[in-house]
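# pasting the structure only:
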């Protein structure tokens, strides 16, 4: 078994921090209005909402949202680029590729069956999904990756959220009634009778279409979006375990599970963070694209390898010819691990000279879908830190370091930069 319990992972990370001697400051976040002080294209200081400030010679924005990057005047993108922008085929609106996590049976989208005048069910829109391959500002869906257990003594049962409205899950019920017979989650077993669940199927834990504002929102708006996702997923789990329109076999199976009492204890068994699959993406010195993933273009000055399928979760749910459909899911793989360019974790020289961005890095939507795995972010985080130290030693910008030296140093630290 290669998986691990969340509290074990957190414990190990804390031990690594303690061993490093680094000072870790909790419960601080960037002042989004006045949090970055710059001298030309160089960040001199960042200021937290509390007023606490940090001066530095080099900064690393290792967040999913890229707030420091954005506030530093660095170019970025939100949403999907058109295929034409980087000569790709899997970017932009993707109705033809949306075959996974799709409705397998026709499901009526109207509040009153076949009555268009009754209006659409929740979580659907009546407009066009957009021209195939065209750009939009939509963002692939988020969810909570829940840690569940079937050990009754360690369970927090699924709770019916206040104000629960079964209409919010009408598409789920109709999908079962149309013929769907699978449990709408992907199970990944963990030690001690636990599992990590993720979105699976046409109607599951992804709250499709409800996160578009999140990447550029203020903290208050993000908190509301996160709480809406939690409420939706809480209702979903309760519905699957209790609603009579859910098939008996699925209802009984889901009812065996509950949140693990000994995980995320201070948060009632819910993860600390929502799964931000994609938010801002820097437009840096080098943009990783589909061609990099598929080996048609090799990234220079590599600082790590990516190895996942080009993957996007669904982006929208719409109506076509009287049926509910999902759009945006892409899963294209069958290529070996490939290098990620140093230029994709640094901004353009004229925009900022002392910032590294290993998470909200410079990649197209579909390439980011392959790179966006946490182990890869850890690899890039290490490489970013090594580059930051080198920039300080060489008294130069992050763009101006000797890149051959960086690659040599990373190899000496057992970083893998080439797939053999």
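Okay, I see it. Since we're looking at a predicted model, the values are computed, not measured.

# contacts and neighbour counts: CA atoms only from here.
Fine.

# where do the strands sit along the stretch 1-150 of the chain?
Assigned strands in the stretch 1-150 of the chain, in chain order: 36-39, 42-47, 53-55, 59-60, 76-77, 147-149 (criterion: DSSP state E, counting those that start in this stretch).

# Present the ones you listed as CSV; the columns should include mean neighbour count.
As requested, the strands of the stretch 1-150 of the chain are exported to CSV (neighbours: other Cα atoms under 10 Å):
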stretch, mean neighbour count
strand 36-39, 15
strand 42-47, 19
strand 53-55, 13
strand 59-60, 22
strand 76-77, 18
strand 147-149, 26
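
# between those strands, which gets nearest to residue 383?
strand 59-60 (11.0 Å; Cα to Cα).

# So in this protein, which helix runs the longest?
If you go by DSSP state H, the chain has its longest helix at helix 219-242.

# gap between that helix and the chain center?
Put simply, helix 219-242 sits 17 Å off its chain's centre (Cα atoms, centre = their mean, to the nearest Å).

# Could you do stretch 74-86 as well?
With Cα atoms, centre = their mean, you get 17 Å for stretch 74-86.

# got the buried residues for that stretch?
Neighbour counts over stretch 74-86 (16 or more other Cα atoms under 10 Å) mark 74, 75, 76, 77, 78, 79, 80, 81, 82, 83 as buried.

# ok, now which ones touch the fifth one?
Right, residue 78. 137, 138, 139, 215, 279, 280, 281 (Cα atoms under 8 Å, 6 or more residues apart in numbering).

# Same list, the buried residues of stretch 74-86, but as CSV with pLDDT and distance to residue 241 please.
Output for the buried residues of stretch 74-86, formatted as CSV (pLDDT from 0 to 100; distance: Cα to Cα, whole Å):
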residue, pLDDT, distance to residue 241
74, 98, 47
75, 98, 46
76, 98, 42
77, 98, 40
78, 98, 36
79, 98, 35
80, 98, 36
81, 98, 39
82, 98, 41
83, 98, 42
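
# how about the strands of the stretch 1-150 of the chain in CSV, adding distance to residue 308?
Output for those, formatted as CSV (distance: least, Cα to Cα, whole Å):
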stretch, distance to residue 308
strand 36-39, 34
strand 42-47, 33
strand 53-55, 36
strand 59-60, 24
strand 76-77, 22
strand 147-149, 23
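
# if we compare these, which one ends up closest to residue 170?
strand 147-149 (24.5 Å).

# Counting by contacts, list what whatever helix or strand comes next after that closest one packs against.
Once strand 147-149 ends, the next helix or strand along the chain (criterion: DSSP states H and E) is strand 155-156. Under the contact criterion of 3 or more Cα pairs under 8 Å, 6 or more residues apart in numbering; DSSP states H and E, strand 155-156 touches strand 258-260.

# so what secondary structure elements neighbour the strand it packs on?
Using 3+ Cα pairs under 8 Å, 6+ apart: strand 258-260 touches strand 147-149, strand 155-156.

# Those strands: which one's closest to residue 178?
Per Cα to Cα, nearest to residue 178 of the helices and strands packed on strand 258-260: strand 147-149, 28.1 Å.

# which outside residues touch that closest one?
Contacts of strand 147-149 (Cα under 8 Å, 6+ apart): 6, 155, 193-197, 257-260, 263, 269-271.
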